[in-house]
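Participant: structure, please.
(one chain, ligands or ions: 1)
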Amino acid sequence: MTAYPAIASTVDDLRRRVSIWRSDGKTVALVPTMGALHAGHLKLIEEARNRAQKVIVSIFVNPTQFAPTEDFDSYPRTFDDDVAKMLPYGVDAVFAPNAAEMYRPDFATGITVKGPALGLETDYRPHFFSGVAVVVAKLLLSALPDIALFGEKDYQQLLVVRQMVRDLNIPTEILAIETVREDDGLAMSSRNAYLSSADRVTAARLNVELRAVADTIRAGGSAETALKAARAAISEAGFRLDYLELRHAETLQAIDLDADKDLPMRLLVAAWLGKTRLIDNIGV
Ligand code: PAF
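Facilitator: From the prediction side, this is the model:
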């Protein structure tokens, strides 16, 4: 398939297209993105294509999820390349609103998610999940898709979106798609493009350390000791660590590290290499 997608830049235009599909009885999937598409996004699009008759990809670099000190201005914007990368998947529509379409000057609504939004990312980026929640709610309510697909790479975001969708009765099923990785294990991310070639080599250590901790826990070793060793190794490799934590996989609540061994667990990390912040996580 190499069909060129329709480009909708307003909510009205998107809704018009979706309502035509709906009157034909078609199912609809949405893949929300901020553009700068990489293989991880393409996997989401491929999975969407396999699961629904109509596929929408949204491209919107959402200002409300960036703090003033963060990389909103420099975030890669590669619209033409992004659309070219979608062609093999026969995406039906790209929703690409501008900031004024999404946030009128008098925009005055916020969404605060607690539960899985507490701690981890929120300790370092307190603005982040309220920005994500608002924009994802707006995207879902604009497209009203049957399903929306999110990568597990942003694991806390995935749980926050699920919580919000359940709490607000948004009639969309949220599907989680496994993280796509480079050959050396580095999780694909649009921000990897910021890494110098030396930092790109070091970046792979993050996943190596996650797997080492997971292996130790699976083999019955001490989670506490393994986490300490991995935190030290990550710092020695040249990262500035924000957090490396083992949490309950469904609630992200803290667990008693060496007592609660039968719970579903997730290891989550965020660390800086130079000016680039990397996150990753794996199931244990
Ligand atoms: O994961 C992302 O790319 C963004 O946070 C999302 C979900 C598209 C909301 O802006």
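
Participant: near the ligand, which residues of the stretch 1-150 of the chain are found?
Facilitator: Within reach of the ligand by CB under 6 Å from any ligand atom, the stretch 1-150 of the chain has these residues: P32, T33, M34, N62, Q65, V132, V135, V136. Any C-beta I mention is one placed from the backbone N, CA and C, and that applies to glycine too.

Participant: so which of those residues are in strands?
Facilitator: P32, T33 (DSSP state E).

Participant: and the gap between K26 and the ligand?
Facilitator: Noted for K26: a distance of 23 Å to the ligand, by CB to the nearest ligand atom, to the nearest Å.

Participant: just L268 next, same as before
Facilitator: 15 Å.

Participant: ok, back up a step: ok, and the most crowded of the residues of the stretch 1-150 of the chain next to the ligand?
Facilitator: V136 (27 neighbours; other CB atoms under 10 Å).

Participant: let me see the contact set for that residue.
Facilitator: V136 sits next to P32, A148, V161, M164 when contact means CB atoms under 8 Å, 6 or more residues apart in numbering.

Participant: out of those, which comes closest to A99?
Facilitator: P32 (15.7 Å; CB to CB).

Participant: in this model L139 seems to touch the closest one, though I could be wrong.
Facilitator: Yes. Applying CB atoms under 8 Å, one finds P32 in contact with L139, separated by 5.2 Å.

Participant: turn the residues of the stretch 1-150 of the chain next to the ligand into CSV, including pLDDT and distance to A232.
Facilitator: Shown next, in CSV, are those (pLDDT from 0 to 100; distance: CB to CB, whole Å):
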residue, pLDDT, distance to A232
P32, 99, 37
T33, 98, 35
M34, 98, 33
N62, 98, 35
Q65, 97, 31
V132, 98, 32
V135, 98, 37
V136, 99, 36
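
Participant: quick one: the closest residue to A96 other than its chain neighbours and G90, what's the gap?
Facilitator: Nearest residue to A96 in three dimensions, chain neighbours excluded: I59, at 4.7 Å (CB to CB, 6 or more residues apart in numbering). From I59 across to G90, the span is 17 Å (CB to CB, to the nearest Å).

Participant: compare neighbour counts for the two and give me the winner.
Facilitator: Taking neighbours as other CB under 10 Å, I59 and G90 compare with I59 leading, 23 against 15.

Participant: so where do the strands sit in this structure?
Facilitator: Going by DSSP E, the chain shows strands at 6-8, 28-33, 54-59, 93-95, 147-151, 173-177, 240-248, 265-273, 276-283.

Participant: what is the third one packed up against?
Facilitator: Yep, that's strand 54-59 we're talking about. Here strand 54-59 touches helix 11-23, strand 28-33, helix 39-51, helix 79-86, strand 93-95, helix 128-143, going by 3 or more CB pairs under 8 Å, 6 or more residues apart in numbering; DSSP states H and E.

Participant: now it against strand 147-151, angle please.
Facilitator: Counting by axes from the mean of the first three to the mean of the last three CA atoms, to 10 degrees, strand 54-59 points 50 degrees away from the direction of strand 147-151.

Participant: do the last one as well
Facilitator: Our comparison of strand 276-283 with strand 147-151, counting by the same axes, to 10 degrees, yields an angle of 110 degrees.

Participant: so which elements touch strand 276-283?
Facilitator: The contact analysis (3+ CB pairs under 8 Å, 6+ apart) places strand 276-283 against helix 205-218, strand 265-273.

Participant: is the ligand contacted by it?
Facilitator: No. Judged by CB under 6 Å from any ligand atom, strand 276-283 and the ligand are separated, with a smallest distance of 10.7 Å.

Participant: using PDB, list the CA coordinates for that strand.
Facilitator: The C-alpha coordinates for strand 276-283 follow below in PDB (Å, rounded to 0.1, in the frame of the first residue of the first chain):
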ATOM      1  CA  THR A 276      19.300  14.300  26.600                       C
ATOM      2  CA  ARG A 277      16.900  12.600  28.900                       C
ATOM      3  CA  LEU A 278      16.300   8.900  28.300                       C
ATOM      4  CA  ILE A 279      13.600   6.700  29.800                       C
ATOM      5  CA  ASP A 280      13.200   3.000  29.600                       C
ATOM      6  CA  ASN A 281      11.400   0.200  31.400                       C
ATOM      7  CA  ILE A 282      11.000  -3.600  31.400                       C
ATOM      8  CA  GLY A 283       8.700  -6.100  33.000                       C
END
